[in-house]
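Enquirer: heads up, no residue letters with this:
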């Protein structure tokens, strides 16, 4: 567990020394070729205390407590707060919007992280051979294309080397840092937080903000501690951070600072200049491998976030491929993979270097961290913690977050717009999909017959009873599905045994098999089956019905040779003031048309599926 946490959770923040310190010193030096010693010491001090306050205290000590039955992440927070079922116009509804924006920001982060990480590693080639500089972008593109290509085959083979490689990486970070500190121990003065405070208060507002924004790059990746909580648990994540990753990062940042105090001209790439000449190329290879691992971790995280968002109704159904039968969470989402690949490769081509990308990196993460702090405070209040203590503690952390967010906001024109545009597009789709599905459900409710009305109808005009059993999937837990009433209306027939099946995702990460199925009789050989799953589980209609049979809640012959009827709804945008803007209704209709087949999403074999078409106006 410790080795796995090291490989998956800390890949992003563990590769930050490749670019974070260099950018912080350059910002503190206000463009000077030779950095001032006070700027170097101030940058090291600022990074050190940012790691302590934001990552160690806020995330490792505070945020990891806000777990939803062991699961973490922004979606788990929304589930804890019950914002999913918020009514329009309430504060919970606005909270949901804020949370979905936070989730969307992870997509922007997911596009930038692989680009800046791999670029910064490959740029190490220029230390010994400046002529190789023109090959940096093509090599980076080739590595990233290869990484996205292997996603469809699963990443189990990469996962096996995550931990050992990252362990080697943090050991190398520590050794390089120790070597630098030994040659210039004066850098240890940066342990004093007043070194950072003094520099920031005397450097001028513009320089101070630029330095704060650049130093923030050292803590990006810290949010993975909470996002991956469900995979490893809080204890292993905390142990690895305090016993391994934090010491290695601190030593390396202090080592880079010591190098610049002794050799100010090493500002071009202080990380690689820390190593002996003979070790440069092996270090480039190790750094590249470490950044690939960091990139893989963020890609897998985006896949997981997408799956949770689909299951909680924030995104349309997409094709999700399980890439490992023996390991939960190993998934591949083709649409997201290639959209993320396009965004990442575009970032490399547009910005061209890690220095330029540093301007785009940080603003999305700092906003996400501020949102996380706010939601964590609301969860603490909901759990009954002392309101004064919650306001003081979370208020301090939120103030720190807002300082860094303000500092990163100056990067907006330098490239910060790129991840924000990506996040805006994702948030727009999430909010449009949620609003649209609500309008569709309202339309269904208006058209849906009650059980009593339907039973009376088939009593008065009995349909032809066909041999066998049928199941009609429904999004509601009451009433008759539209495609069931439509099927009987047009065919004047109905199977002898009928099930109405609804699969619900609960606010908890998992639902045990004992609580999977609820069976309610409607009439003779006519049952409603409600299947419940957690948002970290895959809903399978065949598996859920089998659970109902094993529990003795449903006769076995109801699932033998079952025909599953699914409503195929065509959404027609309607120009009125009750729905959304015309363009949003058209966007929703486009997403609805291009979503994954409902039967495939619920693991129903294609040969058992019959679709019944219905038109719905919103």
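Expert: Thanks, I have the structure now. Keep in mind it's a predicted model, so treat the numbers as computed, not measured.
Enquirer: low pLDDT regions in the chain?
Expert: Counting by pLDDT under 70, the chain contains low-confidence residues at 31, 84-86, 88-89, 154-160, 324-330, 575-578.
Enquirer: Strands along that one, start to end?
Expert: Counting by DSSP state E, the chain has these strands, from start to end: 321-322, 331-332, 464-473, 493-505, 517-523, 526-533, 562-572, 609-617.
Enquirer: In TSV, list these along with distance to residue 5.
Expert: Using the backbone N, CA and C atoms, a C-beta is placed for each residue, glycine as well. TSV is the format used below for the strands of the chain (distance: least, Cβ to Cβ, whole Å):
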stretch	distance to residue 5
strand 321-322	23
strand 331-332	20
strand 464-473	39
strand 493-505	27
strand 517-523	35
strand 526-533	26
strand 562-572	41
strand 609-617	41
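Enquirer: Nearest to residue 143, out of those strands?
Expert: Of all the strands of the chain, strand 331-332 sits nearest to residue 143, with 19.1 Å by Cβ to Cβ.
Enquirer: now for that closest one, which elements pack on it?
Expert: For strand 331-332, the packing partners by 3 or more Cβ pairs under 8 Å, 6 or more residues apart in numbering; DSSP states H and E come out as helix 280-311, strand 321-322.
Enquirer: do you know which of the ones you listed lies nearest residue 259?
Expert: The closest of the helices and strands packed on strand 331-332 to residue 259 is helix 280-311. By Cβ to Cβ, the value is 14.2 Å.
Enquirer: May I see the buried residues of the closest one?
Expert: 280-281, 283-284, 286-311 (16 or more other Cβ atoms under 10 Å).
Enquirer: So residue 614 is in contact with residue 483, correct?
Expert: Yes. Taking Cβ atoms under 8 Å as the definition, residue 614 is a contact partner of residue 483 at 6.1 Å.
Enquirer: Excluding chain neighbours, give the residue nearest to residue 461 in space.
Expert: The shortest distance from residue 461 to any non-neighbouring residue, by Cβ to Cβ, 6 or more residues apart in numbering, is to residue 492 (7.9 Å).
Enquirer: ok, so what distance separates the one you found from residue 600?
Expert: Taken as Cβ to Cβ, to the nearest Å, the spacing of residue 492 relative to residue 600 amounts to 30 Å.
Enquirer: So between these two, which is more surrounded?
Expert: In this comparison of residue 492 against residue 600, neighbours counted by other Cβ atoms under 10 Å, the higher total goes to residue 600 at 14 against 11.
Enquirer: contacting residues around the more buried one?
Expert: Going by Cβ atoms under 8 Å, 6 or more residues apart in numbering, residue 600 touches 319, 606.
Enquirer: shift numbering so it begins at 803
Expert: Taking 803 as the first residue, the last one we looked at is residue 1402.
Enquirer: Please parse the protein into its domains.
Expert: The chain breaks down by automatic domain parsing into domains covering 804-1237, 1250-1419.
Enquirer: for the shortest one, how far is the first residue from the last?
Expert: So that's domain 1250-1419. Using Cα to Cα, to the nearest Å, one end of domain 1250-1419 lies 14 Å from the other.
Enquirer: if we can go back for a sec, so which of the domains of the chain comes closest to residue 1243?
Expert: Comparison of these against residue 1243 by Cβ to Cβ identifies domain 1250-1419 as nearest, at 6.6 Å.
Enquirer: Distance from that closest one to the middle of the chain?
Expert: Between the centre of domain 1250-1419 and the centre of its host chain there is 30 Å, according to Cα atoms, centre = their mean, to the nearest Å.
Enquirer: Residue 987 - nearest residue in space that isn't next to it in sequence?
Expert: Closest residue in space to residue 987, ignoring its immediate chain neighbours: residue 1060 at 7.3 Å, by Cβ to Cβ, 6+ apart.
Enquirer: How many neighbouring residues does the spatially closest residue to residue 872 that is not a sequence neighbour have?
Expert: What sits nearest to residue 872 in space, not counting adjacent residues and going by Cβ to Cβ, 6+ apart, is residue 1032, at 5.6 Å. Other residues within reach of residue 1032, judged by other Cβ under 10 Å, total 21.
Enquirer: before we move on, what about residue 1333?
Expert: Around residue 1333 sit 23 other residues, with neighbours defined as other Cβ under 10 Å.
Enquirer: before we move on, what about the one 4 residues further on?
Expert: For residue 1337, the neighbour count with other Cβ under 10 Å is 24.
Enquirer: shared neighbours of residue 1416 and residue 1285, anything?
Expert: Overlap between the neighbourhoods of residue 1416 and residue 1285 consists of 1369-1370, taking contacts as Cβ under 8 Å, 6+ apart.
Enquirer: Could you check which of the two has the larger neighbour count?
Expert: Neighbours per residue, other Cβ under 10 Å: of residue 1416 and residue 1285, the larger number sits with residue 1285, 21 against 18.
Enquirer: Dihedrals phi and psi, residue 1308?
Expert: Dihedral angles phi and psi of residue 1308 (degrees, to the nearest 10) take the values phi -90, psi 170.
Enquirer: OK, contacts around it?
Expert: With contacts defined as Cβ under 8 Å, 6+ apart, the neighbours of residue 1308 are 1334-1337.
Enquirer: go again using 6 Å as the cut-off
Expert: With contacts defined as Cβ atoms under 6 Å, 6 or more residues apart in numbering, the neighbours of residue 1308 are 1334, 1336.
Enquirer: How about residue 1123?
Expert: For residue 1123, the contacting residues are residue 1134, taking Cβ under 6 Å, 6+ apart as the criterion.
Enquirer: how far away is it from residue 952?
Expert: Separation of residue 1123 from residue 952 (Cβ to Cβ): 13 Å.
Enquirer: Can you tell me how far residue 968 is from residue 941?
Expert: Taken as Cβ to Cβ, the spacing of residue 968 relative to residue 941 amounts to 22 Å.
Enquirer: Settle it for me: which of those two has more neighbours?
Expert: Between residue 968 and residue 941, counting by other Cβ under 10 Å, residue 968 is the more crowded of the two (29 against 17).
Enquirer: so the more buried one touches residue 806, yeah?
Expert: No. Counting by Cβ atoms under 6 Å, residue 968 sits too far from residue 806 to count as a contact (9.9 Å).
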